[in-house]
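*Asks:* Kindly generate the corresponding structure for this input.
(chains A, B, C and D)
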2 protein chains.
Amino acid sequence: MSASAEKHDVFKAIADPTRREVLRLLSENERPISEIADHFDITRTAVTKHLQILTDAELIKGRKEGREKIYHLNPEPLTEVQQWLSYYEKFWSNKLSILKHIVENSED
Amino acid sequence: MSASAEKHDVFKAIADPTRREVLRLLSENERPISEIADHFDITRTAVTKHLQILTDAELIKGRKEGREKIYHLNPEPLTEVQQWLSYYEKFWSNKLSILKHIVENSED
DNA sequence: TTGACATATAACCATAAGGTGTTATATCAT
DNA sequence: ATGATATAACACCTTATGGTTATATGTCAA
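*Replies:* Numbering: from 1, shown residues only, chains lettered A, B, ... in the order given. From the prediction side, this is the model:
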(Lines give C-alpha, C1' and ligand atoms only; values in the text may rest on other atoms or scores of the structure.)
Protein backbone atom coordinates (compact mmCIF):
# COMPACT_ATOMS: atom_id res chain seq x y z
CA MET A 1 0.00 0.00 0.00
CA SER A 2 2.93 2.28 -0.67
CA ALA A 3 0.89 4.37 -3.08
CA SER A 4 -2.32 4.57 -5.04
CA ALA A 5 -0.41 3.12 -7.98
CA GLU A 6 -3.45 1.89 -9.92
CA LYS A 7 -1.84 -1.46 -10.42
CA HIS A 8 -2.06 -2.84 -13.89
CA ASP A 9 -3.94 -6.06 -14.36
CA VAL A 10 -1.78 -9.09 -15.08
CA PHE A 11 -4.24 -10.38 -17.66
CA LYS A 12 -4.05 -7.09 -19.55
CA ALA A 13 -0.28 -7.06 -19.25
CA ILE A 14 0.18 -10.44 -20.91
CA ALA A 15 -2.45 -9.76 -23.58
CA ASP A 16 0.09 -8.10 -25.85
CA PRO A 17 2.51 -10.29 -27.89
CA THR A 18 5.33 -7.76 -27.60
CA ARG A 19 5.05 -7.82 -23.82
CA ARG A 20 5.02 -11.61 -23.75
CA GLU A 21 8.20 -11.56 -25.81
CA VAL A 22 9.76 -9.13 -23.34
CA LEU A 23 8.95 -11.54 -20.54
CA ARG A 24 10.56 -14.37 -22.45
CA LEU A 25 13.70 -12.32 -23.04
CA LEU A 26 13.93 -11.43 -19.38
CA SER A 27 13.35 -15.03 -18.38
CA GLU A 28 16.71 -15.82 -19.97
CA ASN A 29 18.61 -12.91 -18.54
CA GLU A 30 18.22 -9.53 -17.00
CA ARG A 31 18.77 -6.85 -19.61
CA PRO A 32 19.02 -3.08 -20.03
CA ILE A 33 16.32 -1.31 -22.02
CA SER A 34 18.51 -0.82 -25.08
CA GLU A 35 19.15 -4.51 -25.34
CA ILE A 36 15.45 -5.28 -25.03
CA ALA A 37 14.60 -2.68 -27.65
CA ASP A 38 17.08 -4.22 -30.10
CA HIS A 39 14.86 -7.28 -30.32
CA PHE A 40 11.95 -5.33 -31.75
CA ASP A 41 11.24 -3.19 -34.76
CA ILE A 42 9.40 -0.58 -32.76
CA THR A 43 10.98 2.53 -31.27
CA ARG A 44 12.66 2.53 -27.89
CA THR A 45 9.94 4.82 -26.56
CA ALA A 46 7.30 2.25 -27.46
CA VAL A 47 9.32 -0.42 -25.69
CA THR A 48 9.60 1.77 -22.62
CA LYS A 49 5.81 2.03 -22.50
CA HIS A 50 5.46 -1.72 -22.57
CA LEU A 51 8.03 -1.96 -19.80
CA GLN A 52 5.98 0.49 -17.79
CA ILE A 53 2.86 -1.63 -18.13
CA LEU A 54 4.76 -4.76 -17.15
CA THR A 55 6.21 -2.88 -14.19
CA ASP A 56 2.75 -1.74 -13.11
CA ALA A 57 1.67 -5.37 -13.15
CA GLU A 58 4.83 -6.18 -11.17
CA LEU A 59 5.85 -8.75 -13.73
CA ILE A 60 9.22 -7.09 -14.14
CA LYS A 61 11.39 -4.91 -11.96
CA GLY A 62 14.11 -2.47 -12.91
CA ARG A 63 17.12 -1.14 -11.11
CA LYS A 64 19.32 1.71 -12.21
CA GLU A 65 22.94 0.85 -12.69
CA GLY A 66 25.00 3.78 -13.86
CA ARG A 67 23.29 5.21 -16.88
CA GLU A 68 21.50 1.96 -17.63
CA LYS A 69 18.24 0.66 -16.31
CA ILE A 70 18.33 -3.07 -15.99
CA TYR A 71 15.11 -5.03 -15.93
CA HIS A 72 14.59 -8.50 -14.57
CA LEU A 73 11.64 -10.89 -14.52
CA ASN A 74 9.37 -11.19 -11.52
CA PRO A 75 7.13 -14.14 -12.37
CA GLU A 76 5.15 -14.24 -9.15
CA PRO A 77 2.04 -12.39 -10.41
CA LEU A 78 1.64 -15.08 -13.05
CA THR A 79 0.37 -17.36 -10.32
CA GLU A 80 -2.85 -15.37 -10.47
CA VAL A 81 -3.27 -16.44 -14.08
CA GLN A 82 -2.36 -19.98 -13.18
CA GLN A 83 -4.95 -20.10 -10.45
CA TRP A 84 -7.56 -18.74 -12.78
CA LEU A 85 -6.62 -21.32 -15.37
CA SER A 86 -6.56 -24.21 -12.94
CA TYR A 87 -10.31 -23.89 -12.58
CA TYR A 88 -10.70 -24.67 -16.29
CA GLU A 89 -8.16 -27.45 -16.43
CA LYS A 90 -10.76 -29.92 -15.26
CA PHE A 91 -12.50 -29.46 -18.57
CA TRP A 92 -9.66 -30.85 -20.62
CA SER A 93 -7.45 -32.76 -18.28
CA ASN A 94 -8.74 -34.39 -15.19
CA LYS A 95 -5.83 -36.47 -14.09
CA LEU A 96 -3.52 -33.51 -14.35
CA SER A 97 -5.52 -31.31 -12.04
CA ILE A 98 -5.84 -34.11 -9.53
CA LEU A 99 -2.08 -34.53 -9.51
CA LYS A 100 -1.59 -30.81 -9.13
CA HIS A 101 -3.87 -30.83 -6.17
CA ILE A 102 -1.85 -33.57 -4.53
CA VAL A 103 1.42 -31.81 -5.17
CA GLU A 104 0.21 -28.43 -4.01
CA ASN A 105 -1.11 -29.84 -0.79
CA SER A 106 1.88 -31.94 0.17
CA GLU A 107 4.03 -28.89 1.02
CA ASP A 108 6.82 -30.70 2.83
CA MET B 1 -15.15 -17.54 -45.11
CA SER B 2 -11.96 -19.48 -45.45
CA ALA B 3 -9.92 -16.42 -46.21
CA SER B 4 -9.65 -13.59 -43.71
CA ALA B 5 -11.29 -15.01 -40.58
CA GLU B 6 -9.21 -12.62 -38.42
CA LYS B 7 -9.26 -14.88 -35.39
CA HIS B 8 -9.14 -13.16 -32.08
CA ASP B 9 -6.20 -13.83 -29.79
CA VAL B 10 -7.00 -15.93 -26.72
CA PHE B 11 -4.79 -13.74 -24.53
CA LYS B 12 -6.68 -10.64 -25.62
CA ALA B 13 -9.99 -12.41 -25.12
CA ILE B 14 -9.32 -13.26 -21.50
CA ALA B 15 -7.81 -9.86 -20.73
CA ASP B 16 -11.21 -8.37 -19.96
CA PRO B 17 -12.86 -9.09 -16.58
CA THR B 18 -16.35 -9.11 -18.07
CA ARG B 19 -15.32 -11.76 -20.56
CA ARG B 20 -13.70 -13.86 -17.86
CA GLU B 21 -16.94 -13.65 -15.93
CA VAL B 22 -18.85 -14.78 -19.02
CA LEU B 23 -16.55 -17.80 -19.26
CA ARG B 24 -17.20 -18.61 -15.62
CA LEU B 25 -20.95 -18.37 -16.14
CA LEU B 26 -20.79 -20.67 -19.14
CA SER B 27 -18.58 -23.10 -17.27
CA GLU B 28 -21.55 -23.77 -15.01
CA ASN B 29 -24.15 -24.04 -17.72
CA GLU B 30 -24.88 -23.17 -21.28
CA ARG B 31 -27.04 -20.06 -21.43
CA PRO B 32 -28.92 -17.83 -23.87
CA ILE B 33 -27.68 -14.28 -24.39
CA SER B 34 -30.45 -12.76 -22.32
CA GLU B 35 -29.50 -14.82 -19.30
CA ILE B 36 -25.84 -13.87 -19.68
CA ALA B 37 -26.73 -10.21 -20.00
CA ASP B 38 -28.77 -10.32 -16.81
CA HIS B 39 -25.57 -10.86 -14.86
CA PHE B 40 -24.10 -7.53 -15.91
CA ASP B 41 -24.99 -3.90 -15.63
CA ILE B 42 -24.03 -3.13 -19.20
CA THR B 43 -26.44 -3.20 -22.12
CA ARG B 44 -27.20 -6.33 -24.03
CA THR B 45 -25.47 -4.88 -27.08
CA ALA B 46 -22.25 -4.55 -25.11
CA VAL B 47 -22.57 -8.13 -23.91
CA THR B 48 -23.10 -9.31 -27.47
CA LYS B 49 -19.84 -7.66 -28.48
CA HIS B 50 -17.97 -9.48 -25.74
CA LEU B 51 -19.59 -12.71 -26.89
CA GLN B 52 -18.38 -11.98 -30.39
CA ILE B 53 -14.81 -11.56 -29.22
CA LEU B 54 -15.00 -14.79 -27.22
CA THR B 55 -16.47 -16.52 -30.26
CA ASP B 56 -13.65 -15.23 -32.46
CA ALA B 57 -11.20 -16.74 -30.00
CA GLU B 58 -13.26 -19.93 -30.12
CA LEU B 59 -13.61 -19.91 -26.35
CA ILE B 60 -17.37 -20.13 -26.65
CA LYS B 61 -19.73 -21.44 -29.25
CA GLY B 62 -23.37 -20.59 -29.90
CA ARG B 63 -26.18 -22.49 -31.47
CA LYS B 64 -29.55 -21.14 -32.42
CA GLU B 65 -32.48 -22.80 -30.77
CA GLY B 66 -35.77 -21.32 -31.81
CA ARG B 67 -35.48 -17.61 -31.24
CA GLU B 68 -32.72 -17.99 -28.69
CA LYS B 69 -29.02 -18.22 -29.22
CA ILE B 70 -27.48 -20.48 -26.65
CA TYR B 71 -23.81 -20.21 -25.85
CA HIS B 72 -21.63 -22.85 -24.29
CA LEU B 73 -18.03 -22.94 -23.16
CA ASN B 74 -15.28 -24.33 -25.35
CA PRO B 75 -12.25 -24.39 -23.08
CA GLU B 76 -9.82 -25.96 -25.52
CA PRO B 77 -8.08 -22.72 -26.64
CA LEU B 78 -7.13 -22.12 -23.02
CA THR B 79 -4.52 -24.83 -23.41
CA GLU B 80 -2.52 -22.27 -25.38
CA VAL B 81 -2.41 -20.06 -22.31
CA GLN B 82 -1.58 -23.02 -20.14
CA GLN B 83 1.31 -24.00 -22.36
CA TRP B 84 2.62 -20.48 -22.34
CA LEU B 85 2.34 -20.41 -18.56
CA SER B 86 3.96 -23.78 -18.06
CA TYR B 87 7.24 -22.31 -19.24
CA TYR B 88 7.19 -19.88 -16.32
CA GLU B 89 6.07 -22.35 -13.72
CA LYS B 90 9.64 -23.48 -13.22
CA PHE B 91 10.35 -20.10 -11.70
CA TRP B 92 8.01 -20.63 -8.78
CA SER B 93 7.37 -24.33 -8.62
CA ASN B 94 9.85 -26.81 -9.90
CA LYS B 95 8.44 -30.07 -8.69
CA LEU B 96 5.06 -29.26 -10.16
CA SER B 97 6.31 -28.71 -13.67
CA ILE B 98 8.34 -31.88 -13.54
CA LEU B 99 5.25 -33.84 -12.59
CA LYS B 100 3.25 -32.20 -15.33
CA HIS B 101 5.86 -33.22 -17.82
CA ILE B 102 5.63 -36.82 -16.67
CA VAL B 103 1.87 -36.82 -16.83
CA GLU B 104 1.67 -35.14 -20.22
CA ASN B 105 4.08 -37.60 -21.75
CA SER B 106 2.59 -40.79 -20.38
CA GLU B 107 -0.53 -40.60 -22.57
CA ASP B 108 -1.70 -44.18 -22.04
C1' DT C 1 34.40 20.08 -20.62
C1' DT C 2 32.85 18.11 -24.51
C1' DG C 3 30.66 14.50 -26.84
C1' DA C 4 28.50 10.11 -27.09
C1' DC C 5 25.39 7.11 -24.85
C1' DA C 6 21.07 5.49 -22.12
C1' DT C 7 17.04 6.64 -20.60
C1' DA C 8 12.90 9.81 -19.61
C1' DT C 9 9.20 12.54 -20.91
C1' DA C 10 6.00 15.35 -23.55
C1' DA C 11 3.04 16.04 -27.43
C1' DC C 12 0.75 14.00 -30.83
C1' DC C 13 -1.77 10.53 -33.95
C1' DA C 14 -4.54 6.48 -35.70
C1' DT C 15 -7.06 2.79 -34.48
C1' DA C 16 -9.22 -0.51 -31.48
C1' DA C 17 -12.03 -1.29 -27.45
C1' DG C 18 -15.91 -0.74 -24.74
C1' DG C 19 -19.80 1.41 -24.24
C1' DT C 20 -24.50 3.73 -25.64
C1' DG C 21 -29.12 3.92 -28.14
C1' DT C 22 -32.22 2.84 -32.09
C1' DT C 23 -34.11 0.08 -35.53
C1' DA C 24 -34.94 -4.29 -37.92
C1' DT C 25 -35.92 -9.15 -38.17
C1' DA C 26 -37.16 -13.62 -36.72
C1' DT C 27 -39.93 -16.52 -33.51
C1' DC C 28 -43.30 -17.94 -30.15
C1' DA C 29 -47.84 -17.73 -27.66
C1' DT C 30 -52.41 -16.58 -28.02
C1' DA D 1 -52.91 -12.19 -37.48
C1' DT D 2 -51.15 -9.79 -33.47
C1' DG D 3 -48.33 -8.67 -29.83
C1' DA D 4 -44.49 -9.82 -26.97
C1' DT D 5 -39.80 -11.71 -26.92
C1' DA D 6 -34.83 -12.58 -28.42
C1' DT D 7 -31.39 -11.35 -31.00
C1' DA D 8 -29.06 -8.95 -34.95
C1' DA D 9 -27.49 -4.91 -37.19
C1' DC D 10 -26.54 -0.17 -37.25
C1' DA D 11 -24.73 4.38 -36.20
C1' DC D 12 -22.37 6.83 -32.92
C1' DC D 13 -19.47 8.36 -28.78
C1' DT D 14 -15.50 8.21 -25.56
C1' DT D 15 -11.38 6.45 -23.89
C1' DA D 16 -7.46 3.26 -24.02
C1' DT D 17 -3.79 1.35 -26.64
C1' DG D 18 0.21 1.19 -29.33
C1' DG D 19 2.77 3.66 -31.92
C1' DT D 20 5.43 7.95 -33.60
C1' DT D 21 8.89 12.28 -33.18
C1' DA D 22 11.23 15.61 -30.68
C1' DT D 23 13.34 17.26 -26.68
C1' DA D 24 15.16 16.83 -22.31
C1' DT D 25 18.17 14.72 -18.36
C1' DG D 26 21.71 12.13 -16.47
C1' DT D 27 26.23 9.42 -16.98
C1' DC D 28 30.57 7.81 -18.62
C1' DA D 29 35.02 8.38 -21.08
C1' DA D 30 38.54 10.99 -23.14
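
*Asks:* Specify the local secondary structure of A:R63.
*Replies:* Secondary structure, DSSP: H, G, I helix; E, B strand; the rest coil: A:R63 is strand.

*Asks:* And the closest residue in space to it that isn't next to it in sequence, its phi and psi?
*Replies:* Of all residues not flanking A:R63 in the chain, A:I70 sits nearest, at 5.7 Å (C-beta to C-beta, 6 or more residues apart in numbering or on different chains). Where you see a C-beta, it was placed from the backbone N, CA and C, and this is true even at glycine. A:I70 adopts backbone torsions of phi -110, psi 120, taken as degrees, to the nearest 10.

*Asks:* burial of A:I70, as a residue count?
*Replies:* Residues within reach of A:I70, counting by other C-beta atoms under 10 Å in any protein chain shown, total 18.

*Asks:* Over to A:E68?
*Replies:* Using other C-beta under 10 Å, A:E68 has 14 other residues around it.

*Asks:* what is it paired to in the beta sheet?
*Replies:* When assigned by DSSP bridges, A:E68 has beta-bridge partners A:E65.

*Asks:* That one: what's it in contact with?
*Replies:* With contacts defined as C-beta atoms under 8 Å, 6 or more residues apart in numbering or on different chains, A:E68 is in contact with A:32-34.

*Asks:* now those residues: which count as buried?
*Replies:* A:32-33 (16 or more other C-beta atoms under 10 Å in any protein chain shown).

*Asks:* pLDDT and secondary structure added to the contacts of A:E68, as CSV?
*Replies:* Output for the contacts of A:E68, formatted as CSV (pLDDT from 0 to 100; DSSP: H, G, I helix; E, B strand; the rest coil):
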residue, pLDDT, secondary structure
A:P32, 97, strand
A:I33, 97, helix
A:S34, 96, helix
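
*Asks:* Strands of chain A, start to end?
*Replies:* A:31-32, A:60-65, A:68-73 (DSSP state E).

*Asks:* of all those strands, which lies closest to B:V81?
*Replies:* strand A:68-73 (18.0 Å; C-beta to C-beta).

*Asks:* Next, the angle from that closest one to strand A:60-65.
*Replies:* Strand A:68-73 and strand A:60-65 are oriented at 150 degrees to each other (axes from the mean of the first three to the mean of the last three C-alpha atoms, to 10 degrees).

*Asks:* Got the confidence number for A:N105?
*Replies:* In this model, A:N105 is scored at 61, pLDDT.

*Asks:* Point to the residue nearest the middle of chain A.
*Replies:* The residue lying closest to the centre of chain A (C-alpha atoms, centre = their mean) is A:L59, at 3.6 Å.
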